[in-house]
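In: need coordinates for the below:
(one chain, ligands or ions: 1)
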Amino acid sequence: MNTPPTAPPATNGTTRRPTEGELEHQRAAIAALGHELRALVDATVRTSAPAEALHRVADGVRRITGQLTGRRRERAEIPAVDEFPGGTRMYSPVTGAGSPLAPPMRVTPADGGLIGRCTLGFAHEGPPGYVHGGMSAMLLDELMGRACAAAGMPGMTVSLQVRYHRPVPLETPLRVHARVTGTEGRKIFVDGSISTEGEPSTTVVTADGVFVTPDPDRTRALFPSLRGTV
Ligand SMILES: CCCCC/C=C\C/C=C\C/C=C\C/C=C\CCCC(=O)SCCNC(=O)CCNC(=O)[C@H](O)C(C)(C)COP(=O)(O)OP(=O)(O)OC[C@H]1O[C@@H](n2cnc3c(N)ncnc32)[C@H](O)[C@@H]1OP(=O)(O)O
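Out: Purely as a prediction, here's the structure:
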């Protein structure tokens, strides 16, 4: 497990590295809030409540948002609860248990690569009843990037070619697969696919991508929070 590169300020105003127990406690709370926010997003995009009810809810949500006080994370700051690269990312829009935007996709090693499992709802709709094509690309990009990191070569996407063979159904358990197929210097070649859990042998979307591990100087410039660890 990676060491968290940053630590939140302790309550006495000094900065110290949180214990693993404190991080787990915080992650559980972040996941609980993420779960409720995803339920709110789903209810929001499906409701037929009248305008007055929507205004009332908007007022309530504004009051709740005001309760999220304290120091706000800065750009490029890696949350203490995260393990970057390759591990837990609590606010990832694909895998983050704390993200209201994420399905979230659950990732496990398999078949010489990674498998991601998730079900997409109405918030991710493109054509009526089907997943937005950009969302399919995002699932693939994330899992293919994670496959690079899992193979010990964290990299950034420089090219992602996506082919949509069949529309991806909403509210249907999905299986995403990613596997590193080769390397050439800092370039990593990766294949990806999406199928439904019900018909795992029928791929509905396929992708091939090229990822590049930035050189150490570029890594330090792009990810200043990693300073001292790369
Ligand atoms: C402790 C180490 C930490 C390292 C961290 C690195 C990455 C970590 C990131 C995430 C990993 C974690 C989990 C995964 C989670 C999510 C995955 C989502 C992935 C993304 O969402 S990520 C965002 C979108 N992504 C970008 O924002 C990239 C923008 N980009 C750049 O910032 C530069 O591009 C950079 C820095 C990547 C490389 O820059 P550079 O200067 O080091 O490299 P250079 O240009 O020299 O290219 C080197 C070789 O790649 C070939 N090449 C270039 N482009 C190509 C193309 N399009 N097709 C085919 N080959 C291509 C060249 O031809 C050359 O090949 P050759 O050496 O053979 O000539």
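In: helix, strand or coil for the residue of the chain found nearest the ligand?
Out: Nearest residue of the chain to the ligand: residue 145, at 2.4 Å (Cβ to the nearest ligand atom). Quick note: C-beta positions are derived from backbone N, CA and C, even for glycine. Assigned with DSSP: H, G, I helix; E, B strand; the rest coil, residue 145 falls in the helix class.
In: so it touches residue 158, yeah?
Out: No. Applying Cβ atoms under 8 Å, one finds residue 145 not in contact with residue 158, separated by 11.2 Å.
In: quick check: neighbours shared by the two?
Out: Contact criterion Cβ atoms under 8 Å, 6 or more residues apart in numbering; residues bridging residue 145 and residue 158 by contacting each: residue 211.
In: chain center to stretch 21-34: distance?
Out: Offset of stretch 21-34 from its chain centre (Cα atoms, centre = their mean, to the nearest Å): 16 Å.
In: which residues are contacting that stretch?
Out: Taking Cβ under 8 Å, 6+ apart as the rule, stretch 21-34 contacts 4, 18, 80-81, 88, 90-91, 96-100, 102, 104.
In: who's residue 184 bridged to?
Out: residue 187 (DSSP bridges).
In: can the host helix or strand of residue 204 be found next to the ligand?
Out: Here residue 204, judged by DSSP states H and E, is contained in strand 203-212. Yes. Judged by Cβ under 6 Å from any ligand atom, strand 203-212 and the ligand are in contact via 210, 212.
In: so what strands line up beside that strand?
Out: strand 156-164 (antiparallel), strand 187-196 (antiparallel).
In: buried set for the longest one?
Out: Of all the residues in strand 187-196, those buried under the rule 16 or more other Cβ atoms under 10 Å are 188-196.
In: okay but residue 89 is in contact with residue 96, surely?
Out: Yes. Counting by Cβ under 8 Å, residue 96 is a contact partner of residue 89 at 5.7 Å.
In: follow-up on the earlier one: and the residue of the chain closest to the ligand, what does it touch?
Out: If you count contacts by Cβ under 8 Å, 6+ apart, residue 145 has them with 154-157, 211.
In: could I get those as CSV with pLDDT and neighbour count?
Out: Converted to CSV, the contacts of residue 145 look like this (pLDDT from 0 to 100; neighbours: other Cβ atoms under 10 Å):
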residue, pLDDT, neighbour count
154, 96, 18
155, 97, 24
156, 98, 15
157, 98, 16
211, 98, 25
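In: how many neighbouring residues does the closest residue to residue 84 other than its chain neighbours have?
Out: Among residues not flanking residue 84 along the chain, residue 78 sits closest, at 5.0 Å (Cβ to Cβ, 6 or more residues apart in numbering). Using other Cβ atoms under 10 Å, residue 78 has 19 other residues around it.
In: could you do residue 215 as well?
Out: Neighbours of residue 215 using other Cβ under 10 Å come to 10.
In: and it, how far is that from residue 227?
Out: 15 Å (Cβ to Cβ, to the nearest Å).
In: next structured bit after the longest helix belonging to the chain?
Out: Scanning the chain for the helix with the most residues, using DSSP state H, yields helix 20-46. Beyond helix 20-46 on the C-terminal side, the first helix or strand identified by DSSP H and E is helix 51-65.
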